[in-house]
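Asks: pasting a predicted model and its sequence here:
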Amino acid sequence: MDRSVKVGKIVVMIIVGFFIMFGFVFGTMKLWNWLVPELFNGPFINFWQALGLLALSKIFLWSFGGKCHCNHGQGSGAWKYYWKDKWSKMNPEDREKFKQKLKDKWCYKEESAPAGNSTTAND
């Protein structure tokens, strides 16, 4: 393949990518300005604010192309077997300690039963 053809394809791909990105940002801006001010009394945004909003959503919600930790079916349940095995090897006292650690760590508060009713549906 001729070098000028390769360079031409790269230039065309860059231009197409630019227009796709422009369209995505413009579409986000239009969708925001159509819905948010009417539904939530929010502000209207301009093109650059829409670009910033998309950049923030990229930072907070998407990955940056690093390692994928989703496994897509390749050993995706291995952690379940690990914890099932570990749990089965614990004695009841260790299990209660582990449960209490999780409750303390995640600020879990059990709902107290009403004073007059000390039985539960599982009894």
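Replies: That came through, no problem. Numbers count the residues shown, from 1 in each chain.

Asks: C-alpha from now on. contacts and neighbour counts both.
Replies: Noted.

Asks: mind telling me what element residue 82 is part of?
Replies: helix 78-89 (DSSP states H and E).

Asks: show residues contacting that helix.
Replies: The contact list for helix 78-89 (C-alpha atoms under 8 Å, 6 or more residues apart in numbering) reads residue 95.

Asks: let me know the pLDDT of residue 23.
Replies: On pLDDT, residue 23 comes in at 95.

Asks: if we can go back for a sec, ok, and for the helix holding residue 82, which residues are buried?
Replies: Within helix 78-89, not a single residue qualifies as buried, counting by 16 or more other C-alpha atoms under 10 Å.

Asks: need the longest helix for the protein.
Replies: Counting residues, the longest helix found in the chain (DSSP state H) is helix 3-40.

Asks: so which bits of it are buried?
Replies: Buried residues in helix 3-40, counted by 16+ other C-alpha under 10 Å: 25, 26, 28, 29, 30, 32, 33.

Asks: what is that helix packed up against?
Replies: Secondary-structure packing of helix 3-40 (3 or more C-alpha pairs under 8 Å, 6 or more residues apart in numbering; DSSP states H and E): helix 47-61.

Asks: how long is stretch 39-52 end to end?
Replies: Distance between the two ends of stretch 39-52: 21 Å, counting by C-alpha to C-alpha, to the nearest Å.

Asks: what do you get for stretch 36-47?
Replies: Stretch 36-47 has an end-to-end distance of 15 Å (C-alpha to C-alpha).
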